[in-house]
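Make a model of this:
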Amino acid sequence: MEAKEKLLLIDAHRRSPAAIIAQCIVDGTDGIVLTNHCDIHYTDGIGYRRWCELYNDEYRLTKSLGDKYGIKVFYGIEVNTTTVPNVHYLIYGITPGMLLTSPELYNLPQKELFGYCISNGFTLIQAHPYRNGTVPQDPRYLHGVEINCHPLYKTTEETRVCEFARDHNLKLTCGSDFHGDTYKPKCGIYIPESISDEQSLGRYIRRAQAKLKVFDIVNVY
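Residues are numbered from 1 along each chain as shown. Predicted structure coming up:
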């Protein structure tokens, strides 16, 4: 018998944990990966380590609500790099404890960030390449690229992202980049029900090509 799969929403931030879990219940999404932005501007005045602690607190609250209402909540991070303008990377497989001991991730050049991920068993995905003119980065130092369904940008760039992934043997993911500033598209990846922790999620994204659910932004308008 084929293992059951569940739809996982990638990305959720700028909404309260309760609002995020409530939205998942309403639209039938089975789980989320919380991937708040790791941005140098967010650490001003409090420092990198304190920001990590605050993010971990938010994750723990979100997960406790998810556990209560049957929504899987995984931990991840979106790194807003300082080395190339407007380039973001998603890291899967990282845990709250690992983030606390990490270097300032946004200051690592792509090759160093990839090396850090490899040495720790993490998966590195470039978030939303081609969106709003964002250039795909060096495929030698990526595990995959993301098809992004944020409604404000009115296009997923699905064709170009898929072509880049195919040309460079990269995995594809799909995410909503849900910030609470628009409706939440129902999109994401399907994962086996057996995946229950960050490390196994990261390995699955890195080793298998997950089935995607891409939201058709264009035909909403």
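
report the longest strand in the protein, please.
Ranked by number of residues, the top strand in the chain under DSSP state E is strand 72-80.

That one pairs with which strands?
strand 31-34 (parallel), strand 37-38 (parallel), strand 88-92 (antiparallel) (DSSP bridges).

Need the mean per-residue confidence for the last one.
This predicted structure assigns strand 88-92 an average pLDDT of 98.

The strands paired with strand 72-80: which one's closest to Phe164?
For the strands paired with strand 72-80, proximity to Phe164 was assessed by C-beta to C-beta; strand 88-92 is nearest, at 15.0 Å. The C-beta positions use only the backbone N, C-alpha and C, and glycine is treated the same way.

quick one: contacts of that closest one?
Counting by C-beta atoms under 8 Å, 6 or more residues apart in numbering, strand 88-92 makes contact with 10-11, 33, 35, 37, 74, 76-81, 105, 110, 113, 117, 122-128, 146, 173, 175, 198, 201-202, 205-206, all of which sit outside it.

ok, back up a step: gap between the longest strand of the chain and the chain center?
Computed by C-alpha atoms, centre = their mean, to the nearest Å, the chain-centroid distance of strand 72-80 equals 5 Å.

And the contacts of that strand?
For strand 72-80, contacts defined as C-beta under 8 Å, 6+ apart pick out 6, 8, 10-11, 21, 30-40, 55, 59, 62-63, 65-67, 88-92, 94-96, 99, 105-106, 113, 127, 196-198, 201.

Please repeat the previous calculation with a cut-off of 7 Å.
30-39, 59, 62-63, 66, 88-92, 94-96, 99, 105-106, 127, 198, 201 (C-beta atoms under 7 Å, 6 or more residues apart in numbering).

ok so, going back, which one of the strands paired with strand 72-80 lies nearest to Phe215?
Comparing the strands paired with strand 72-80 by C-beta to C-beta, strand 31-34 comes nearest, at 15.0 Å.

what mean pLDDT does the closest one have?
Throughout strand 31-34, pLDDT has a mean value of 94.

Alpha carbons of it, as PDB, please.
What follows is strand 31-34, C-alpha atoms only, in PDB (Å, rounded to 0.1, in the frame of the first residue of the first chain):
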ATOM      1  CA  GLY A  31       1.300  21.200   8.200                       C
ATOM      2  CA  ILE A  32       3.700  24.100   7.900                       C
ATOM      3  CA  VAL A  33       7.400  24.800   7.900                       C
ATOM      4  CA  LEU A  34       8.000  28.000   9.800                       C
END
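
Among the contacts of strand 88-92, which lie within helices?
Among the contacts of strand 88-92, the ones falling in helices (DSSP state H) are Gln110, Leu113, Cys117, Glu198, Leu201, Gly202, Ile205, Arg206.

which one of those is nearest Thr159?
Relative to Thr159, and with distances defined as C-beta to C-beta, the nearest of the ones in helices among the contacts of strand 88-92 is Ile205, at 21.4 Å.

quick one: the closest one and Ile191, what's the gap?
For Ile205, the distance to Ile191 under the criterion C-beta to C-beta, to the nearest Å works out to 8 Å.

Those two - which one has more neighbours?
Relative neighbour count places Ile205 above the other of Ile205 and Ile191, with 27 against 24, counting by other C-beta atoms under 10 Å.

Help me confirm that the more buried one comes into contact with Phe122.
No. With contact defined as C-beta atoms under 7 Å, Ile205 does not count as touching Phe122 (10.2 Å).
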